[in-house]
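J.: would you be able to build a 3D model of this:
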Amino acid sequence: MRKFRLTFVINLVFFILLFASFAQAQKEINFTVSMSKPHTHLLEVEVRLRDGLSASTDLVMPVWTPGSYLVREYARHVQDFGAKDENGKELLWGKTNKNTWRIETNNAKEVVVTYRVYSNELTVRTNELNDLHGYWNNAALLMYPNGQLKSPSTIRVVPFGNWRVATSLAAVDLRKNIFRAENFDELYDSPFEVSDYKEIKFDARGAEHRIVISGAGNYNSERLRTDFKKIVEVGADMFGGNVPYKDYIFILHLRGSGGGGLEHLNSCSLISRRFSFTSATSYTNFLTLVAHEYFHLWNVKRIRPDALGPFDYTQENYTKLLWVAEGVTSYYENLLMRRAGLLTDKQFLSGLSISFQDLQNTPGRFQTSLEEASFDAWIKFYRQDENAINNQISYYDKGAIVSTLLDLEIRRSTKGAKSLDDVMRYLYAEFFQKNRNFSPQDFQRACESVASKNLDPFFKSYVSGRDELNYDYFLTVAGLRLDKFGGLSSAMLKESAYFGANLAQDGERLVVRSVPAGTPAYDQGIYSADQIIALDGFRVNLQDFNARLAEKKSGDKITLTIFRGDELRAIEINLRGRINPSFVILPVDKPTSEQLKIYQGWIGTAKN
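T.: Numbering: from 1, shown residues only. Sure thing, here's the model as predicted:
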């Protein structure tokens, strides 16, 4: 009996402590964001902390935004920090590191913190406030109490003038612009647009969708509504026809320049040039960006690689799976476009062949594997220099190519019965729906399970390794082949002159941007940042240079007059023939019925 009572007491104490800990973790934090003077670019933040405050409280500003893998030091934009108790008495505070503010609460029942954040950078991962709008990512604006990332919060927005508020967060009171997040991962995954925006609505798969547009442009509202809906529906169809949300927001900023996108839990942010919607190529590229960010709804936001959620917002979150997060998504952006009827077969294959060629023109493919590129994204991908082409690859671009080959290999192994679609559905069911993240080993096992085949050689060669990709081996299964000479003979190509440096016209200056290893320019001493003044004694711009070079043959010599810094030099270059200038994917002669079936199931009209 005594032992029973002791056990009972121990258990009771344990549950009391557990409940107290749970209650502590669930304390609600209240934010208010105001924008009284948009011309200052200062967003004004108030944070209210109540109940169970310890002797000191630390507020932490994230250093990065999920989806953009670079430490960006958002704390550098914070100013005018202050703290008071419930009676308005000033509280002492001090910084303990670059992004943590410690407040001495002095037994206060409530702590009210205020600060302002300079917001004058419109990207999908930062903040901007001006006379046009207020846009922000909460990770770049709102601090969290240390140790309370699981706590719920409300955010009240005080708009400037008659501006309206758009966000994917659930509304507590729409009239007062109060919204709620169940935890900080949700809060930080829900950007805000506050402006006199235009709005396009449509229903798809039982959910409401809104396109919130800031800025003028030459878009056609009905065309956007129709094409966005097509993308949503083919994405949903791949995962059983349903969407995992009640409503979704596409936040679209139209400006004179720039572009990009960033995925979020139930929304995405997009930037596009305002007058790019009547050009067929520009509009297709824009819709492809939409398809990419929307597919992230499943891949990354729900099918989560090992380190990508829950997040540590104070430092890098390392993973070898960014090639799956971004590369697989880049592959599916084009497949969704094809399945939605927004790309033709010819456009799909043309884009694929160009991506093959771009990779083959990147010497860095011999230096960095997909896993290495993923892991080192924090120090390399977002900080590329002129030598990046020689020592790096893009986990987006090569990731999409390897995803293509992996899909074709699965289709080969199953005679067209299974595909990478089945792998993604498997990951959704076995990991997202069971609240698990997947590892590199989990991804390979999922692929092997669907393919009913050991894929270790594939992953060792193309994912963790740096082997050359055997394009024809994989394309053949779909009745295709890669013409590496663009329809020309290899002899003709070897006769044409090749210089090799990547040039750009910068105003009046013709500048060398990068010099790929193994080219005549690299081997004979051309530097990045060299300014080309003349070719064979005559002044040239980019157009002139290309025209003059086209007149040369392999083996010819040219003399370049350049400025290297402030020193004028003359450099003699021996031109060589170029290999693989224009890849084209073509059908094989007399494809078999199985090849036709697999092709049709891959990018044809057959349902996947």
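
J.: which strands and helices sit next to the helix or strand hosting Ala236?
T.: Under the criterion of DSSP states H and E, Ala236 resides in helix 221-238. Other elements packing on helix 221-238 under the criterion 3 or more Cβ pairs under 8 Å, 6 or more residues apart in numbering; DSSP states H and E are strand 198-204, strand 207-214, helix 280-295, helix 329-339, helix 420-427. The way it works is simple: take the backbone N, C-alpha and C, and place the C-beta from them, glycine included.

J.: run the angle between that helix and helix 280-295 for me.
T.: Orientation check (axes from the mean of the first three to the mean of the last three Cα atoms, to 10 degrees): helix 221-238 against helix 280-295 gives 40 degrees.

J.: for helix 221-238, give me every contacting residue.
T.: Contacts to helix 221-238, defined as Cβ atoms under 8 Å, 6 or more residues apart in numbering, come from residues 198, 200-202, 204-205, 209, 211, 242-243, 248, 250, 287, 290-291, 294-295, 297-298, 336-337, 339-342, 421, 424-425, 608.

J.: buried subset of those residues?
T.: 198, 200, 204, 209, 211, 243, 248, 250, 287, 290-291, 294-295, 297-298, 336-337, 339-340, 342, 421, 424-425, 608 (16 or more other Cβ atoms under 10 Å).

J.: show me the contacts for Asn127.
T.: Neighbour list for Asn127: 43, 77, 117, 119, 121, 135-137, 140-141 [criterion: Cβ under 8 Å, 6+ apart].

J.: quick check: it vs Phe356, distance?
T.: 39 Å (Cβ to Cβ, to the nearest Å).

J.: and if you look at Leu549?
T.: Leu549 is 24 Å from Phe356, by Cβ to Cβ.

J.: neighbour count winner among those two?
T.: In terms of neighbours (other Cβ atoms under 10 Å), Phe356 is the more surrounded of Leu549 and Phe356; the figures are 22 against 17.

J.: sec struct for that one, please.
T.: helix (DSSP: H, G, I helix; E, B strand; the rest coil).

J.: my read: it touches Lys398, true?
T.: No. The pair Phe356 / Lys398 is not scored as a contact, 10.2 Å apart, by Cβ atoms under 8 Å.

J.: C-terminal to the helix holding Ala236, what's the next element?
T.: strand 247-255.

J.: and the next helix or strand after that following strand, which residues are buried?
T.: Using DSSP H and E, the next helix or strand after strand 247-255 towards the C-terminus is strand 260-263. Neighbour-count burial for strand 260-263 flags 261-263 (criterion: 16+ other Cβ under 10 Å).

J.: now for strand 260-263, which elements pack on it?
T.: Judged by 3+ Cβ pairs under 8 Å, 6+ apart, strand 260-263 is in contact with strand 267-273, helix 280-295.

J.: got the domain boundaries for the chain?
T.: 24-194, 198-276, 322-483+586-603, 490-577 (automatic domain parsing).

J.: so which of the helices and strands packed on helix 221-238 gets nearest Phe538?
T.: Comparing these by their distance to Phe538 (Cβ to Cβ), the top pick is helix 280-295, with 33.9 Å.

J.: and the angle from the closest one to helix 420-427?
T.: Using the same axes, to 10 degrees: helix 280-295 against helix 420-427 is 30 degrees.

J.: and for helix 280-295, what's in contact with it?
T.: In contact with helix 280-295 (Cβ under 8 Å, 6+ apart) are residues 227-228, 231-232, 235, 250, 259-263, 268-270, 272-273, 276-277, 329-330, 332-334, 336-337, 340, 342-343, 347.

J.: now do stretch 582-596
T.: 349-350, 352-354, 356-357, 360, 415-416, 475-488, 599.

J.: among the residues you listed, name the buried ones.
T.: 349, 352-353, 356-357, 360, 416, 475-482, 484-485, 599.

J.: show me the contacts of Asn127 that map onto strands.
T.: The strands, defined by DSSP state E, take in 43, 117, 135-136 from these.

J.: now tabulate those residues in CSV and tack on pLDDT, distance to Leu560 and neighbour count.
T.: Output for these, formatted as CSV (pLDDT from 0 to 100; distance: Cβ to Cβ, whole Å; neighbours: other Cβ atoms under 10 Å):
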residue, pLDDT, distance to Leu560, neighbour count
Leu43, 98, 51, 27
Val117, 98, 49, 25
Tyr135, 98, 46, 25
Trp136, 98, 48, 24
